[in-house]
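Peer 1: task: produce atomic coordinates for the following.
(one chain, ligands or ions: 1)
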Amino acid sequence: MKVIVKIKKDSIKKNPNAGRDTYHMPMAWETTFTTNLKPPDLPSWLQEYVREWSLGETSSIDTKGIIGIVDDRFIDYAKSVIESGNRFSIESHRDIQTIRSMTHEPEYHYEYENPKVNCSHCNAMVKVNDISEDEFDGDHLFQICPECGTLDTFDFEYEKFTYGKNL
Ligand SMILES: [Zn+2]
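Peer 2: Model (predicted):
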């Protein structure tokens, strides 16, 4: 006999993101530094982040770099450069990327009950959530009995959510 796995009534929640199909994702911070020190004067760990350096219009040296992680070592070094009378400026920014998802968010979220179902091979009563599924031929999802390992020995289906009936 087919078991219907029911939706837990008290788990039904309106999805606050219902119908939404775009998301705004903050990207990683990117920090640019500029200093009047020449690249060879920078500590070796910082030299690898240098992107360009040039003699500026006033013959002052302008070394620019981009660093991904601003840590204490970087900040302490920047302070020590400034304290020694040199120039070291830091600017951080991050971009926002808009992601468009292929599927609309559902109107409601809900959970299913976890009834026991009968394995027609070994006769064990197994909780639905304990049954794993695997794909062998790409198309069909097989259910595997956790007791005997036989495939597709259960007869159940999930209740469909219908507005008006479930709510
Ligand atoms: Zn079984």
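Peer 1: compute the number of surrounding residues for residue 89.
Peer 2: Residue 89 has 12 neighbouring residues, counting by other CB atoms under 10 Å. Backbone N, C-alpha and C define where each C-beta goes, glycine included.
Peer 1: who's in contact with it?
Peer 2: If you count contacts by CB atoms under 8 Å, 6 or more residues apart in numbering, residue 89 has them with 33-35.
Peer 1: from those residues, which is closest to the ion?
Peer 2: residue 33 (63.8 Å; CB to the ion).
Peer 1: after the helix or strand harbouring that closest one, next one along is what?
Peer 2: Applying DSSP states H and E as the criterion places residue 33 in strand 30-35. Counting by DSSP H and E, the next helix or strand C-terminal to strand 30-35 is helix 44-47.
Peer 1: how about the strand holding residue 33, which residues are buried there?
Peer 2: Neighbour-count burial for strand 30-35 flags 31, 33, 35 (criterion: 16 or more other CB atoms under 10 Å).
Peer 1: what would those residues look like in a markdown table with pLDDT and distance to residue 44?
Peer 2: Formatted as a markdown table, the buried residues of strand 30-35 follow (pLDDT from 0 to 100; distance: CB to CB, whole Å):
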| residue | pLDDT | distance to residue 44 |
| --- | --- | --- |
| 31 | 92 | 19 |
| 33 | 95 | 16 |
| 35 | 93 | 15 |
